[in-house]
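S.K.: okay, sequence plus prediction incoming.
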Amino acid sequence: MKLQVTDMEDLARGAAFLGTGGGGDPYIGRLLAQAAIGEFGMPEVVEPEDVPDDATVFTAAMLGAPTVLIEKAANGEDIDLALKRLSQRTGKTPDYIMPIEIGGLNSMIPILAAARAGLPLINADGMGRAFPEIQMVTFNVYGIEPCPAAIVDEHLNSAIIEANGAKQAEDLVRAVAIQMGLSTLVSVYPMTGKDVKAYGVHRTLTLALEIGRAIRTGRESGDPVASLLSYLRTTEYYNKCAVLFDGKITDIRRETTRGFAIGHCDVEALDGSGETMNILFQNEFLIAKKGDKTMTLVPDLICVVDRETAEPITTEGLKYGQRIKVIGVSAAAIMRTPESLDVFGPQAFGIDEPFTTIEDLNNL
């Protein structure tokens, strides 16, 4: 994969779509990445199969509440320090940087980190979407420890977290992030190239870029949503997809609590049918119901886009009166295994119903 500066807008937009409402603001992320590229050059992007088994891989991400991240962005020195602190603690120097998730901001932060460190970037991540908690990744599901974990704030205060288990690590990291103002840079899950090959969700940067391009070309031809769905159906992971609802946001509740942006929005159909949809979120969209019928739920993707432009809308960007389309998309197969569902299935979010795939719920 070859990235150009001119790809950043498409990449950020496609990653925001895959972020399912979370992963941070794509515009801010794009500006940060472009600034780093301008100063340090574009990092090389490598495929997972080309990474040596014994290579040391560090992740890079922002962690906090999206409602805060749009006001307190990274400055570059913070992610540099996170990588440095993790290197000091592990006694290893990273050979590669990798996204922990694909989201508008969190697809860009690894580019920022890799450019500043002069390291290659791996075309993979740990979920093929975004999730709110650090244990909710395939690496944890299959035995990779998140700790030691480095966390840094905008004042370059830092901490190293050690914990007995991934959920305990999440709780400790979240507590520190709250004290740091809910806008932090982290590097977690130090791993090997062999781990990435075995347990990563591969080529998600390419997929995000192509999704962004499909939206852009669809705008040029007059139907960006149709163009987006047409591309998704050609992919390995996201080929089961459909517009679940077409409507206007009539109510929204959103609060920053427990270290997350938590709430719901109600959508009313534009066709005069009186049908409604309710979407719950915790940083990311979790479950979409049309009336009493569940249409999609985690770990499958629920994506909200502008109905005319297909611009992805994050949870912090939801507004009363927006005309939107709600799109449901299948998750990668590794995200649907029984082991994965034990970690980030519906019950992990307090949703009292079993996971059912989007294709079964909607006869796709």
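M.R.: Great, that's in hand. Numbering: from 1, shown residues only.
S.K.: going forward, measure contacts and count neighbours with C-alpha atoms only.
M.R.: Will do.
S.K.: and stretch 168-175, C-alpha only, in PDB?
M.R.: Output in PDB follows, covering the C-alpha atoms of stretch 168-175 (Å, rounded to 0.1, in the frame of the first residue of the first chain):
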ATOM      1  CA  GLN A 168      -8.300  -4.500  34.900                       C
ATOM      2  CA  ALA A 169      -5.900  -2.600  32.600                       C
ATOM      3  CA  GLU A 170      -8.900  -0.800  31.000                       C
ATOM      4  CA  ASP A 171     -10.200   0.200  34.400                       C
ATOM      5  CA  LEU A 172      -6.900   1.500  35.500                       C
ATOM      6  CA  VAL A 173      -6.100   3.300  32.200                       C
ATOM      7  CA  ARG A 174      -9.600   4.800  32.300                       C
ATOM      8  CA  ALA A 175      -9.200   6.100  35.800                       C
END
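S.K.: can you list the domain ranges for the chain.
M.R.: With domains defined by automatic domain parsing, the chain comprises 5-202, 226-362.
S.K.: make a markdown table from the ones you listed and add mean pLDDT and distance to residue 218 to it.
M.R.: A markdown table is the format used below for the domains of the chain (pLDDT from 0 to 100; distance: least, C-alpha to C-alpha, whole Å):
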| stretch | mean pLDDT | distance to residue 218 |
| --- | --- | --- |
| domain 5-202 | 95 | 12 |
| domain 226-362 | 97 | 5 |
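S.K.: what's the most buried one of those domains?
M.R.: With neighbours defined as mean count of other C-alpha atoms under 10 Å, these peak in mean count at domain 5-202, which reaches a mean of 23.
S.K.: what residues are up against residue 334?
M.R.: 138, 201, 340 (C-alpha atoms under 8 Å, 6 or more residues apart in numbering).
S.K.: in three-state terms, label it for me.
M.R.: Taking DSSP: H, G, I helix; E, B strand; the rest coil as the rule, one finds residue 334 in the helix state.
S.K.: state the distance from it to residue 278.
M.R.: 27 Å (C-alpha to C-alpha, to the nearest Å).
S.K.: please report the distance of residue 250 from residue 307.
M.R.: The value you get for residue 250 to residue 307, if C-alpha to C-alpha is used, is 15 Å.
S.K.: what of residue 279?
M.R.: Residue 279 is 16 Å from residue 307, by C-alpha to C-alpha.
S.K.: give me the longest strand you can find in the protein.
M.R.: Counting by DSSP state E, the longest strand found in the chain is strand 241-257.
S.K.: mind checking what helix or strand follows it in sequence?
M.R.: Per DSSP states H and E, the first helix or strand lying C-terminal to strand 241-257 is strand 260-269.
S.K.: what is the helix or strand just after that next one packed up against?
M.R.: Following strand 260-269 in sequence order, the next helix or strand is strand 276-282 (DSSP H and E). Here strand 276-282 touches strand 260-269, strand 284-290, going by 3 or more C-alpha pairs under 8 Å, 6 or more residues apart in numbering; DSSP states H and E.
S.K.: and for residue 208, the neighbour number?
M.R.: As a burial measure, residue 208 scores 27 neighbours (other C-alpha atoms under 10 Å).
S.K.: please, which helix or strand holds it?
M.R.: Using DSSP H and E, residue 208 falls in helix 204-221.
S.K.: just residue 159 next, same as before
M.R.: Residue 159 belongs to strand 158-161, assigned by DSSP H and E.
S.K.: can you name the residues in contact with the next helix or strand after that strand?
M.R.: Scanning forward in sequence from strand 158-161 by DSSP H and E, the next helix or strand is helix 166-179. By C-alpha under 8 Å, 6+ apart, the residues outside helix 166-179 that reach it are 63-64, 133-135, 140, 145-147, 151, 161-163, 183-184, 259.
S.K.: same check on stretch 149-161?
M.R.: 72, 74-75, 77-79, 81-83, 85-86, 89, 147-148, 162, 169, 172-173, 177, 180-181, 183-189.
S.K.: same question for stretch 133-148.
M.R.: For stretch 133-148, the external contacting residues (C-alpha under 8 Å, 6+ apart) are 86, 89-90, 100, 126-127, 160-163, 165-167, 169-170, 188-191, 195, 199-201, 334-335, 339-340, 343-344.
S.K.: let's see it at 7 Å
M.R.: Stretch 133-148 is contacted from outside by 86, 126-127, 160-163, 166-167, 170, 188-190, 199-200, 339-340, 343-344, using C-alpha atoms under 7 Å, 6 or more residues apart in numbering.
S.K.: picking that back up, now the strand holding residue 159 - C-alpha only, PDB.
M.R.: The C-alpha coordinates for strand 158-161 follow below in PDB (Å, rounded to 0.1, in the frame of the first residue of the first chain):
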ATOM      1  CA  SER A 158       2.800  10.100  31.900                       C
ATOM      2  CA  ALA A 159       2.100   6.800  33.600                       C
ATOM      3  CA  ILE A 160       2.900   3.100  33.000                       C
ATOM      4  CA  ILE A 161       0.000   0.800  33.800                       C
END
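S.K.: that strand pairs with which strands?
M.R.: Sheet partners assigned to strand 158-161 using DSSP bridges are listed as strand 149-152 (antiparallel).
S.K.: next one: the partner strand to chain centre, how far?
M.R.: 19 Å (C-alpha atoms, centre = their mean, to the nearest Å).
S.K.: re earlier: among the domains of the chain, which is nearest residue 211?
M.R.: Closest approach to residue 211 among the domains of the chain (C-alpha to C-alpha): domain 5-202, 4.8 Å.
S.K.: now the end-to-end length of the closest one.
M.R.: Domain 5-202 end-to-end distance (C-alpha to C-alpha) = 22 Å.
S.K.: how about stretch 330-346?
M.R.: End to end - C-alpha to C-alpha - stretch 330-346 spans 15 Å.
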